[in-house]
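Participant: The sequence and its predicted three-dimensional model are supplied below.
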Amino acid sequence: MAMGKTLSCKDVGVDCDFVIHGQDEADVLRQAAEHATGCHHDVQMTPAVQAKIRSAIKDEGGSCCGGSCR
């Protein structure tokens, strides 16, 4: 069973509580572009921004630090 992917605006340095849940990296990038267009008018999806987003995408539930460890 494949895990989904997740991305938080805060993980890319934006003061926003929005969290994206997607099937894969491409789905998350598409949703991030849509969200940025609607909510972050000053953000342009340049290759540098896309690279920053890619590096912040995580496997959903894939880390013990996702809330289950102390």
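Facilitator: The structure has been received and is ready for your questions.
Participant: contacting residues around Asp15?
Facilitator: Residues near Asp15 by C-beta atoms under 8 Å, 6 or more residues apart in numbering: Cys9. All C-beta spots, glycine's among them, are computed from the backbone N, C-alpha and C.
Participant: Can you tell me the element it falls in?
Facilitator: Asp15 is part of no helix or strand, with elements assigned from DSSP states H and E.
Participant: what's the answer for Arg54, then?
Facilitator: Assigned by DSSP H and E, Arg54 belongs to helix 47-56.
Participant: Against which helices or strands is that helix packed?
Facilitator: strand 5-8, helix 25-39 (3 or more C-beta pairs under 8 Å, 6 or more residues apart in numbering; DSSP states H and E).
Participant: could I get the ones you listed as CSV with distance to Met45 and mean pLDDT?
Facilitator: Converted to CSV, the helices and strands packed on helix 47-56 look like this (distance: least, C-beta to C-beta, whole Å; pLDDT from 0 to 100):
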stretch, distance to Met45, mean pLDDT
strand 5-8, 13, 96
helix 25-39, 5, 93
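Participant: on that earlier part again, what about the following helix or strand past the helix holding Arg54, distance to the chain center?
Facilitator: Per DSSP H and E, helix 47-56 leads on to strand 58-59 as the next helix or strand towards the C-terminus. Taking C-alpha atoms, centre = their mean, to the nearest Å, the mean C-alpha location of strand 58-59 is offset from the chain mean by 9 Å.
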